[in-house]
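# What follows is a predicted structure for the sequence shown.
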Amino acid sequence: MQPPSIQMLTICGISELPEQRERSVSHVLSILDPDHPDPEAFGAYDPHHRTILRFHDIINPIEGMILPAPEHVEAVLRFGDEVAQDRGEGAEGHLLVHCHMGVSRSTAAMLTLMAQTHPEESDDRLFERLVEIRPQAWPNSLMIEFADGLLSRNGRLVDSLRRHYGRQIRRMPRYEQLMRDLGRGREVEMAV
C-alpha cells in the first residue's frame with residue numbers, strides 16, 4: 001500500500017517561481033533546458049527536496065538538442081518514490097513541478113507522478129485533475145508515451161492524451177497553430 005499522496009500540487013514556469021516561495025514547498029522537480037542556468041528563485045525558498053532534470057521540450061530529434069528519453073521519465077518516477085518515502089515518514093508536503101513555461105514538460109511529469117501515485121484512477125480523470133492544477137496543460141507526448149509504458153498503462157495514457165489535446169484545442173483554439181509553429185504538429189494531429 002502506498003503512503004498518502006501530497007495533496008498540494010503546483011505546476012508553474014520559471015517566471016512564476018518567486019510567487020511560490022511563500023507556499024511552503026517541500027518537494028521540487030525542476031525540468032530545465034540543458035544550458036539554462038539554475039533559477040535564482042530557489043535561493044529564497046525554505047529547505048526542500050529538489051531534483052533537476054535537463055532536456056529540451058521537443059518531440060522529434062533536432063540536431064544539438066536533447067530529446068526526452070525513457071531515462072528522464074524513469075528519473076521522474078524515482079523522484080515520485082522519494083516523495084512517497086518522505087510522506088511515509090510523516091512529512092507534510094507541497095509538490096512543485098516546473099519547466100520553462102509550465103505547459104509541456106512539467107505537466108507531463110506531474111501527470112506521470114499522479115498516475116504513479118494513483119494507479120487505480122482512470123486515465124481521463126488524471127487529465128481532468130491535471131487541468132484543474134494547470135489549465136493550459138499540453139503535456140509532452142513523448143514523455144507521456146514513455147510513462148504509459150513504464151507504468152504498464154497499455155496505451156490508455158496515450159489514448160487519454162489524445163482526448164486531452166482535443167479538449168484543449170476546443171478550449172483554446174490558438175493552441176493548434178502555436179503547437180504547429182513549435183514543431184509539435186504531430187500532437188495536434190493526435191487530438192480527437
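Structure's in. What do you need?
# So which elements touch the helix or strand hosting Asp124?
Here Asp124, judged by DSSP states H and E, is contained in helix 123-133. When contacts are defined as 3 or more C-beta pairs under 8 Å, 6 or more residues apart in numbering; DSSP states H and E, helix 123-133 sits against strand 8-13, helix 105-117, helix 156-171. From N, CA and C alone the C-beta is placed, and that goes for glycine too.
# Go through it and flag the buried ones.
In terms of neighbour count (16 or more other C-beta atoms under 10 Å), helix 123-133 has its buried residues at 123, 126-127, 130, 133.
# distance between stretch 101-116 and the chain's centre?
In terms of C-alpha atoms, centre = their mean, to the nearest Å, the centre of stretch 101-116 is found 1 Å from the chain centre.
# brain fart, stretch 31-45
Distance, stretch centre to chain centre, for stretch 31-45: 16 Å (C-alpha atoms, centre = their mean).
# Endpoint to endpoint, it covers what distance?
End-to-end distance of stretch 31-45 (C-alpha to C-alpha, to the nearest Å): 17 Å.
# got the buried residues for the helix-or-strand element of the chain with minimal mean pLDDT?
Across the helices and strands of the chain, mean confidence by mean pLDDT, DSSP states H and E is lowest for helix 70-88: a mean of 91. By neighbour count on 16+ other C-beta under 10 Å, the buried set for helix 70-88 is 72-73, 75-77, 79-80, 83-84, 86-87.
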